[in-house]
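Colleague: Have a look at this prediction, sequence included:
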Amino acid sequence: MLVMGILNVTPDSFADGGLHYDTDLATARGYEMVEEGVDIIDVGGESTRPGADRVSEQEEQARVLPVIRALAQSKVDISVDTMRASTARLAVEAGATIVNDVSGGAADADMFATVAQLGCKYTLMHWRGHSKDMNSLAVYGDVVADVIEEVTIQLDKALAAGIKRENIILDPGIGFAKDAEHNWEILNRIEEFVALGYPVLIGHSRKRFLGGDNPDDREAATVSVTQSLVGKGIWAVRVHGVKANVEVVKK
Ligand code: PMM
């Protein structure tokens with residue numbers, strides 16, 4: 001299982017907001033992750049925490065592109081966390097090899113065609129709507145069946161647009177339009193996602209369903225979920241605390 005380190009170049013992300021909101025600080029944190037054994041660094045310039053406002057395209061690109069350019073010189077893969085096709089294109093031109101789209105192609109009508117043309121890897125996450133609305137969208141029958149049905153629609157569209165099957169990574173979208181019970185149900189039945197045949201990425205790190213008021217207090221729970229996923233055929237976990245998660249993954 002690989003470890004994807006989260007590098008949010010934002011003033012307002014829920015778990016590390018403001019910590020790396022500067023090109024030099026963010027780049028330094030990226031190189032620190034490399035030292036800690038990270039496999040992929042996911043660079044994002046727009047917070048997706050519940051209730052967050054959107055940032056402009058220009059602002060998002062000004063945040064992420066210099067950091068991607070600097071980290072592309074490292075030995076690890078760089079992913080860009082964006083819902084915008086324009087940012088995805090510039091990020092790949094700057095050295096990113098993965099586009100991580102939390103909207104699974106639903107936020108920007110140009111995303112699938114752009115990724116197909118770029119020929120890069122693409123993380124397709126389950127998503128029901130922007131952060132402002134997502135808590136009210138957490139209504140399911142059987143959450144696993146519903147999420148699989150909805151991502152399958154997006155997967156079919158991605159393939160039809162020309163994205164190669166072997167370039168797609170699937171993410172059930174822990175915490176996105178899902179309450180705590182939904183998140184635990186997905187994690188407990190993760191083999192149903194793995195059975196779809198795509199590499200599966202899980203982003204549970206420091207999220208609210210793990211309990212506690214403060215994201216920093218959720219690190220132990222994050223690491224124990226990571227540990228519970230080892231051996232289940234998961235491709236990668238997306239985490240803030242690289243060192244502790246690498247320790248349980250590489251043991
Ligand atoms: N979660 C967040 C942001 N991007 N990307 C993927 N693929 N999966 C996730 O679960 C995910 C994501 C929100 O968390 P953050 O603000 O800590 O980055």
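Modeller: Perfect, I can see it now.
Colleague: Up against the ligand, what does the chain have?
Modeller: Residues of the chain lying close to the ligand (CB under 6 Å from any ligand atom) are 6, 8, 13-15, 44, 47-49, 81, 100, 102, 123, 125, 171, 173-174, 201, 203, 238. Quick note: C-beta positions are derived from backbone N, CA and C, even for glycine.
Colleague: Which parts of the chain are strands?
Modeller: 2-8, 40-44, 77-81, 98-101, 121-125, 168-171, 201-202, 236-239 (DSSP state E).
Colleague: Pairing partners for the second one, with directions?
Modeller: Partner strands for strand 40-44, per DSSP bridges, with pairing direction: strand 2-8 (parallel), strand 77-81 (parallel).
Colleague: Tell me which of these lies nearest to residue 92.
Modeller: strand 77-81 (7.5 Å; CB to CB).
Colleague: quick one: that closest one to strand 121-125, angle?
Modeller: 40 degrees (axes from the mean of the first three to the mean of the last three CA atoms, to 10 degrees).
Colleague: ok, and what's touching strand 77-81?
Modeller: 4, 8, 39-46, 48, 64, 68, 71-72, 87-88, 91-92, 95-100, 102, 121, 123 (CB atoms under 8 Å, 6 or more residues apart in numbering).
Colleague: what about the one residue in the stretch 101-250 of the chain that gets nearest to the ligand, distance to residue 238?
Modeller: Proximity of the stretch 101-250 of the chain to the ligand (CB to the nearest ligand atom) peaks at residue 203, 2.2 Å away. Distance, residue 203 to residue 238, using CB to CB, to the nearest Å: 4 Å.
Colleague: same question, residue 180
Modeller: Taking CB to CB, one finds residue 180 at 19 Å from residue 238.
Colleague: Repeat that for residue 23.
Modeller: From residue 23 over to residue 238 (counting by CB to CB), the distance is 22 Å.
Colleague: Repeat that for residue 208.
Modeller: 16 Å.
Colleague: What of residue 144?
Modeller: 20 Å.
Colleague: These two: which is more packed in?
Modeller: Per other CB atoms under 10 Å, whichever of residue 144 and residue 238 has more neighbours is residue 238, with 23 against 17.
Colleague: Need the pLDDT of that one.
Modeller: Reported pLDDT at residue 238 in the predicted model: 98.
Colleague: before we move on, the earlier item: I'd like the strands paired with strand 40-44 as CSV, with mean pLDDT appended.
Modeller: Below are the strands paired with strand 40-44 laid out as CSV (pLDDT from 0 to 100):
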stretch, mean pLDDT
strand 2-8, 97
strand 77-81, 98
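Colleague: To what extent is residue 41 buried, counted in neighbours?
Modeller: Residue 41: 29 neighbours (other CB under 10 Å).
Colleague: Surely it and residue 32 touch.
Modeller: No: Residue 41 is not in contact with residue 32 according to CB atoms under 8 Å; the separation is 10.4 Å.
Colleague: For the stretch 1-150 of the chain, which segments are assigned as helices?
Modeller: Applying DSSP state H, counting those that start in this stretch to the stretch 1-150 of the chain gives helices spanning 23-35, 57-71, 85-93, 111-118, 143-160.
Colleague: Cool, thanks, talk later.
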